[in-house]
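Engineer: pasting the structure only:
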């Protein structure tokens, strides 16, 4: 085997085995697999884990932030939806009179929460 099993990789990197699985789940660092299906961390994965930790520390990010950045890169429709939401300016629907807009938004929220 040309790499470290997850327990040794955790000891080497300072990430817990659970966090290494989470990092993998987010798609940030994907270890190779042994013939038996166990995770194997080679020098490439160890370097990515080290530079990931530096990235998080230097920019005050958490793993979810980087995971979202990866998802935005891989899923153009999600990126477009987020960009659209960020650019969107709230405007009152034409069919809703101004005095009723607050109540209309409250009802929309209520409907949205009930549909969960």
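Structural biologist: Now that the structure is in, tell me what you want to look at. Predicted model only: the values in this text are computed from it and were never measured.
Engineer: This protein: helices as residue ranges?
Structural biologist: Per DSSP state H, the chain has helices spanning 6-13, 17-25, 43-59, 63-74, 76-87, 101-114. These are given in chain order.
Engineer: of all these, which lies closest to residue 31?
Structural biologist: Evaluated over those, closeness to residue 31 peaks at helix 43-59, with 5.3 Å, by Cβ to Cβ. C-beta: built from backbone N, CA, C; applies to glycine.
Engineer: Go through the closest one and flag the buried ones.
Structural biologist: In terms of neighbour count (16 or more other Cβ atoms under 10 Å), helix 43-59 has its buried residues at 45, 46, 48, 49, 52.
Engineer: Let me know the distance separating the fourth one from residue 86.
Structural biologist: Relative to residue 86, residue 49 is positioned 31 Å away (criterion: Cβ to Cβ, to the nearest Å).
Engineer: Could you do the third one as well?
Structural biologist: Relative to residue 86, residue 48 is positioned 29 Å away (Cβ to Cβ).
Engineer: Also the last one?
Structural biologist: With distances defined as Cβ to Cβ, the gap from residue 52 to residue 86 amounts to 25 Å.
Engineer: cool, the first one as well?
Structural biologist: Between residue 45 and residue 86 the distance is 33 Å, computed by Cβ to Cβ.
Engineer: Quick check: residue 71 touching residue 77?
Structural biologist: No: because the distance of 10.8 Å does not satisfy Cβ atoms under 8 Å, residue 71 is recorded as not touching residue 77.
Engineer: So for the two, which residue has more residues nearby?
Structural biologist: For residue 71 versus residue 77, neighbours defined as other Cβ atoms under 10 Å are more numerous around residue 71 (14 against 7).
Engineer: can you pull the contacts of the more buried one?
Structural biologist: For residue 71, the contacting residues are 27, 78, taking Cβ atoms under 8 Å, 6 or more residues apart in numbering as the criterion.
Engineer: pLDDT wise, what is it at?
Structural biologist: The pLDDT attached to residue 71 in the predicted structure is 96.
Engineer: Equivalent analysis for residue 115, please.
Structural biologist: At residue 115, the predicted lDDT confidence score is 89.
Engineer: Same check on residue 2?
Structural biologist: pLDDT, the model's per-residue confidence, is 84 for residue 2.
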